[in-house]
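Trainee: Any chance you could fold what I've pasted below:
(2 chains)
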Amino acid sequence: MAWNEPGGGGKQHDPWSGGGRRGGGGNGNGGGGNNNQGPPDLDEALKKFQDKLNRMLGGRGKRGGGGNGGGGGGKRSVFALPGLLAIIVLAIWAASGFYLVDQSERGVVLRFGKFEQIVNPGLQWNPPIIDDVRMVNVTGVRSVSQTKSMLTRDENIVKVDISAQYQVADPRDYALNVRTPDLSIENALDSALRQVVGGTDMDEILTSGRALLADTVSTRLQTYLDSYGLGVRILAINIESTSAPDAVQDAFDDVIKAREDRQRLINDAIGYANAIIPEAQGQAQRLIEQAQGYRESVVAKAQGESNRFNSLLTEYRQAPQVMRDRMYLDTMTEVLSNTSKVLIDINKSSPLMVLPLDKLNRGNASGADSQQDVNVTPSLIEQLRNNSAGSSNSSQTSGIRREGRQ
Amino acid sequence: MINNRSLLIVAGLAAVAWVGSNTLYIVDETERAIKLQFGEIVEADIQPGLHFKVPITNTVRTFDARVLTLELDTSRYLTLEKKAVIVDSYVKWKIVDSARYYQATSGQEQVAQRLIIPRVDEALRNQFGRLELQEIIAERRDELMEEPTQQLNEVLREELGVAILDIRIKRIDLPDEVTQAVYERMRTERNREARQYRAQGQEEAAKLRANAERRRQVLLAEAQSKSETLRGQGDAEAASIYAQAYQQDAEFFRFYRSLDAYRASFDGKSDLLVLEPDSDFFRYLNGASPQPQQSSNADGS
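Mentor: Residues are numbered from 1 along each chain as shown, chains lettered A, B, ... in the order given. Predicted structure coming up:
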């Protein structure tokens, strides 16, 4: 412990105080060992320097000053070249004890190999050689990622792409407890992941169970790492992707396609339904409208006809016979004027008369009224001549002929 | 003179340095040490810090006191049902009793590893042989690792001065040929699933279409029925209107409608009427006198 002491004092204070004090002690010893040899002016300068130091250091300088007084008082030329060298060496040694600790780092200080303290960011000094400082980045987020194929509970194989992000939580543990901390994390992650996946069914891993998977792996991994005393905190486990192994990926893709196909077929069918039902509704409406129209038109027609009939009937009742004749003749006029006619007096002609209906019809079909008249009129005139007499007939004949020509 | 003295001083310092470096030694925080006196252990488990020893007489051996990782080679184990599995594992271990460790291994880590590996391997092999694949993969993996850890920890503490902190299995895979079979099975399962989805789609689609067609049919039939009803109603209404009108004078109605019918029947030019001059219509054509016509008309009415 005695060896630790001076350094122990030094660490708290201005480095020059420690250096100076130790320098003084060294000189005192050296003075005891060596005699008063060496250049006086250098001696002087050193003495001045020492005094100055002592004055500056005040109370703390007392012990050093006392030692110095004891050594320097007796032998004034005690500071020989080796002494100077020693001072320079000490100065270099002390100066090399400065170091910077970055904001993201903590320094783990080992004094003679034994853990001493953790130093915070800023300019720090620790006695070199005596202290060993190991820097550990504690704010940086590190990450390790893996892509592995593994067995699931239902003895399928899945490929999982995982990454773990972690941070050093305890720099002392991280620096000192485990030989290969990062490799240890990788191994532990691998083990934890495989175990959790091994306890889960494939479908769950591929679909809904990913978040849970990450949680479980995270807890498990943290437990492992704590048991190794690694001093690391797992910040996040990201299951970046879970997929079927490459060898069967196409089959898995096909399932997804099939799911889409199912939806497509259903959509098609819904589309079909959406198309035909409105169409049918339209048709139905049309049928109903048509029927409605028929009903209304039939009723209207009936109404109209019955009104006409009623009107006629009123007239008819006033003069039935005249009305009857007139209507009869009007109708016959209309009927006969619209049709081709053959007038035959069956009783007076030969019973075996052949009527060339075909010819008559053909002539009719060719459509010329004049031709029809030519065909019909001679026989008609013949018959008229045979059967009739008197002047009153001529007006009738001309009436018929006129009508036939229409 | 100065040179001589200086040399002396330098030599003196060198001597001090030699003695210092040989009497003092540092044990790092990551290490534990033992002190040997002519090969005999005089002090064990020396903690970190600065320590003294007697030069030449004493030698110091230091060992890594951190947690060490030992990765086992990939091995093939058999499960209870004689299925082969490919296993990767690692061991976390630590030197806890440096004296015993030194005796057992001469302080050489490789020796320690050579001693530890077969023990772990055998312990795991035994564990695998006791369980079925399903249990190993899913249910009892922790147990599988815990038991050998505990057992070996006890034994190796005694024998090697080494603590086994953790035995962990990383990979449990099936051998390649089995893996291919698994892939094949997975593929057929997927195919089955895909077919099922497609069939479901067709079923669903067929149902939807059928339903739509049924609805269309029903719609049209209902419309048809409604339409017939409406037509019927119209006909009935018309009939009743006709009846009401016509029944006032049935005879006149017959006459009136007959005339209409004639008019409608002989409408086309293609109609050919073959007439007898004897008919009532031609009465005057045949030269009958107005007197009989009057009477005959009266007869006809």
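Trainee: now the strands for chain A?
Mentor: Taking DSSP state E, the strands of chain A run over residues A:98-101, A:105-111, A:114-119, A:122-125, A:131-137, A:142-151, A:157-168, A:232-243, A:340-343.
Trainee: got the contact list for A:V136?
Mentor: A:V136 sits next to A:E105, A:R106, A:G107, A:V108, A:V168, A:P171, A:Y174, A:A175 when contact means C-beta atoms under 8 Å, 6 or more residues apart in numbering or on different chains. (Glycine included, C-beta is placed from N, CA and C.)
Trainee: For it, name its beta-bridge partners.
Mentor: Beta-bridge partners for A:V136, by DSSP bridges, are A:R106.
Trainee: any idea how far chain B is from it?
Mentor: 13 Å (C-beta to the nearest C-beta, to the nearest Å).
Trainee: Give me the pLDDT for that residue.
Mentor: A:V136 is assigned 91 on the pLDDT scale.
Trainee: can you list the residues that contact stretch B:191-200?
Mentor: So stretch B:191-200 is contacted by A:A251, A:D254, A:V255, A:K257, A:A258, A:R259, A:D261, A:R262, A:L265 (C-beta under 8 Å, 6+ apart).
Trainee: Okay, and which of these map to helices?
Mentor: Within the contacts of stretch B:191-200, residues falling in helices by DSSP state H are A:A251, A:D254, A:V255, A:K257, A:A258, A:R259, A:D261, A:R262, A:L265.
Trainee: between the residues you listed, which is nearest B:R263?
Mentor: A:L265 (62.8 Å; C-beta to C-beta).
Trainee: Just give the closest residue to the closest one, not the sequence neighbours.
Mentor: B:G201 (3.6 Å; C-beta to C-beta, 6 or more residues apart in numbering or on different chains).
Trainee: which residues touch residue 259?
Mentor: No chain specified, so I'll use chain A. B:Y197.
Trainee: was after chain B, sorry
Mentor: B:L259 sits in contact with A:M327, A:Y328, A:T331, where contact means C-beta under 8 Å, 6+ apart.
Trainee: all helices for the stretch 51-200 of chain B, in order.
Mentor: Secondary structure of the stretch 51-200 of chain B (DSSP state H, counting those that start in this stretch): helices at B:98-105, B:109-130, B:133-134, B:141-160, B:176-246.
Trainee: Give me the helices and strands touching the second one, please.
Mentor: If you count contacts as 3 or more C-beta pairs under 8 Å, 6 or more residues apart in numbering or on different chains; DSSP states H and E, helix B:109-130 packs onto strand B:68-71, strand B:75-78, strand B:84-95, helix B:98-105, helix B:141-160, strand B:162-173.
Trainee: let's see it at 6 Å
Mentor: helix B:141-160 (3 or more C-beta pairs under 6 Å, 6 or more residues apart in numbering or on different chains; DSSP states H and E).
Trainee: How about the fourth one?
Mentor: Other elements packing on helix B:141-160 under the criterion 3+ C-beta pairs under 6 Å, 6+ apart are helix B:109-130, strand B:162-173.
Trainee: can we see that at 7 Å?
Mentor: When contacts are defined as 3 or more C-beta pairs under 7 Å, 6 or more residues apart in numbering or on different chains; DSSP states H and E, helix B:141-160 sits against helix B:98-105, helix B:109-130, strand B:162-173.
Trainee: hmm, who's touching the last one?
Mentor: Contacts to strand B:162-173, defined as C-beta atoms under 7 Å, 6 or more residues apart in numbering or on different chains, come from residues A:151, A:187, A:190-191, A:194, A:198, A:227-228, B:67, B:85-96, B:101, B:112, B:116, B:120, B:136-137, B:141, B:145, B:148-149, B:152-153, B:156-157, B:179.
Trainee: Show me the shaky parts of the stretch 101-250 of chain B.
Mentor: Of all residues in the stretch 101-250 of chain B, none has pLDDT under 70.
Trainee: deepest of the strands of chain A, which one?
Mentor: Mean neighbour count (mean count of other C-beta atoms under 10 Å in any protein chain shown) peaks for strand A:105-111 among the strands of chain A, with a mean of 23.
Trainee: quick check: angle from that one to strand A:114-119?
Mentor: 150 degrees (axes from the mean of the first three to the mean of the last three C-alpha atoms, to 10 degrees).
Trainee: how about the closest residue in space to A:A236 that isn't next to it in sequence, what does it touch?
Mentor: Using C-beta to C-beta, 6+ apart and skipping the chain neighbours, the partner closest in space to A:A236 is A:Q165 (4.6 Å). The contact partners of A:Q165, taken as C-beta under 7 Å, 6+ apart, are A:V141, A:S143, A:L235, A:A236.
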